[in-house]
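Undergrad: Everything below, folded, please.
(one chain, ligands or ions: 1)
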Amino acid sequence: MVVTMDPSRRIIENGAIAIEGDLIKDVGATPALEAKHTGAETIDASGRIVVPGLICSHSHLYGVLLRGASLPITPPSDFTQILQRVWWPVDEALTYEDAYASALVACMEFAKSGTTLFADTYSGPNSIEGVLDHIARAVEEIGIRGFIAFETTERHTKTEGERGVMENVRYAKKTRGKADTKALPMLSIHASFTVTDELIRNVRNYANELNIPITIHTSEGMGDVHHNLENYGKRTVERLRDVGLLGPDVVLAHCVNLTDNELDIIKQTGAKIAHNPMSNMLNAVGVAPLAKMLGRRIPVGLGNDGYIFDMFENMRAAFLLHRAHAKDPRVTDPYQILEMATIDGARLYGKEHELGSLEIGKRADVVIVNPRIMPTPLTAKSVVGHLVNTVDGDDVQTVFVDGKKIVDNGKLVRMDESAVQEKSQAAAARLWARLEQMAPQIDSLRK
Ligand SMILES: [Zn+2]
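TA: Residues are numbered from 1 along each chain as shown. Here you go, the predicted model:
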């Protein structure tokens, strides 16, 4: 069952895909392709679902290191406190080794659950220069594809902000013109409440010069909104527009607390949105106005924000959350959710002509799903419902990136999975110990 995600929404029962080199050469009915492409090596995917590699539009690979951690601090009571007392201390404690080990295990989890492209933002004031090389190494070793960036912020000093910008610029210049690079450059700004207009303009200028995307957390919690109203007399998106940031190369992460006017501004400027429903629930920031975004035809991708790396779970969360919130079952449909995790994710980063669907001439990022349980018939009509309601990442059998197998029979091809986990577990244990030491100081911030 080939779910192409092409513009005509073609789903092919008894379908086949022909891959040559790193590209998709043909998509169609199996008998026709067998007759045309004789002598090709074949993979029997009978009874399976074939989809484009899933796309995670917003992530923090290092977020994986905090899974299961319980820090001895007074529990934060809102999102600003979560940043101040969890994420910012974590950022400070991160090392180059942590960046590599977390990227490795997170890329492994993405790959094994069918995600082939992600957009990552790394944050760590004590591991800035050169850190993107460590993350890129992990991306290349797993064989996945990802946009990677250092998250620039002036939380501590202006210099810290400049150093962050220059790390992104350095990596972009280093990879410029290298067509086979899997770890793609991007510019990242933490959020408008930790940077000056000057830094935002600087990032905009570099994006124009280097022709790479920009991402920024936007009105995730109310702290961002209040900061901009108090200091600039404007809401977040109004300030980002006025400073000249917004354009089709900008991906705004979250956009939970926006007015209708701000949504109109996003539409007018061509900026795009990465929606992170599971993270929004975890951080208790509220529910993003997804129906209003899609109603304006703003491109929306699906992100995990460094939380749950199985994109099938993230799809299910997006599908359900908005129904519960709106008390209206019409607000989400499975196909739209699948678009967010495939072709629209590609659109966010200007990759819709190369990735995000199974079409002739596109890169062969292909996932074969083998559902362990299929309680009802698998047909062209039911398959999208099954992808959102039945399947999860553990059902992913085979994953190709650029026509090369990176997951085979559920196992990572290029690296030993237990070695990857040993590295990340050791890094996490050391990080947790450092955080434990920092805990009294973190808690004193409350006074
Ligand atoms: Zn984020």
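
Undergrad: hey, what's the closest residue in space to Gly146 that isn't next to it in sequence bridged with?
TA: Nearest non-adjacent residue to Gly146, counting by Cβ to Cβ, 6 or more residues apart in numbering: Phe118, 4.5 Å away. Quick note: C-beta positions are derived from backbone N, CA and C, even for glycine. Bridge pairing for Phe118 (DSSP bridges) gives the partners Cys56, Gly146.

Undergrad: What's the local residue count around Phe118?
TA: 26 (other Cβ atoms under 10 Å).

Undergrad: do Val27 as well
TA: Other residues close to Val27 by other Cβ under 10 Å number 21.

Undergrad: Wasn't it part of a strand?
TA: Yes. Assessed with DSSP: H, G, I helix; E, B strand; the rest coil, Val27 lies in a strand.

Undergrad: Against Asp402, how distant is it?
TA: Distance check for Val27 against Asp402: by Cβ to Cβ, to the nearest Å, it reads 17 Å.

Undergrad: Tell me the pLDDT of the residue nearest to Gly146.
TA: Here, the pLDDT recorded for Phe118 equals 98.

Undergrad: I'd assumed Ala138 was in contact with it.
TA: No. Phe118 is beyond contact range of Ala138, at 11.8 Å (criterion: Cβ atoms under 8 Å).

Undergrad: Can you pull the residues that touch both of the two?
TA: Here Phe118 and Ala138 have Leu61 as joint contacts, going by Cβ atoms under 8 Å, 6 or more residues apart in numbering.

Undergrad: helices or strands up against the helix or strand harbouring Glu162?
TA: Per DSSP states H and E, Glu162 falls inside helix 158-175. With contacts taken as 3 or more Cβ pairs under 8 Å, 6 or more residues apart in numbering; DSSP states H and E, helix 158-175 sits against helix 131-142, strand 145-152, strand 183-185, strand 187-191, helix 197-210.

Undergrad: Out of those, which one sits most buried?
TA: strand 145-152 (a mean of 28; mean count of other Cβ atoms under 10 Å).

Undergrad: okay, the angle between that strand and helix 197-210?
TA: Between strand 145-152 and helix 197-210, the angle comes out at 150 degrees (axes from the mean of the first three to the mean of the last three Cα atoms, to 10 degrees).

Undergrad: chain center to strand 145-152, what's the gap?
TA: Relative to its chain's centre, strand 145-152 lies at 10 Å (Cα atoms, centre = their mean, to the nearest Å).

Undergrad: next one: stretch 145-153
TA: 11 Å.

Undergrad: got it, and stretch 90-97?
TA: Offset of stretch 90-97 from its chain centre (Cα atoms, centre = their mean): 21 Å.

Undergrad: So for it, what gets flagged as buried?
TA: Buried positions in stretch 90-97, judged by neighbour count with 16 or more other Cβ atoms under 10 Å: 90-96.

Undergrad: between these, which is closest to Ala426?
TA: Thr95 (11.9 Å; Cβ to Cβ).

Undergrad: Low-confidence bits of the stretch 101-250 of the chain, can you list those?
TA: The stretch 101-250 of the chain contains no residues with pLDDT under 70.

Undergrad: rerun that using 90 as the cut-off
TA: 179-180 (pLDDT under 90).

Undergrad: does Thr121 sit in a helix, a strand or a coil?
TA: strand.

Undergrad: tell me which residues of the helix holding Glu162 are tucked away?
TA: 161, 164-172, 175.

Undergrad: next one: stretch 120-131
TA: Buried-residue list, stretch 120-131, by 16+ other Cβ under 10 Å: 120-125, 127-128, 131.

Undergrad: just checking, Leu302 touches Gly345?
TA: Yes. Assessed by Cβ under 8 Å, Leu302 is found in contact with Gly345 at 6.5 Å.

Undergrad: which residues are common contacts for these two?
TA: Common neighbours of Leu302 and Gly345 (Cβ under 8 Å, 6+ apart) are 55-57.

Undergrad: what about Leu302 and Gly345, which has more around it?
TA: Ranked by neighbour count (other Cβ under 10 Å), Leu302 and Gly345 place Gly345 first, with 34 against 28.
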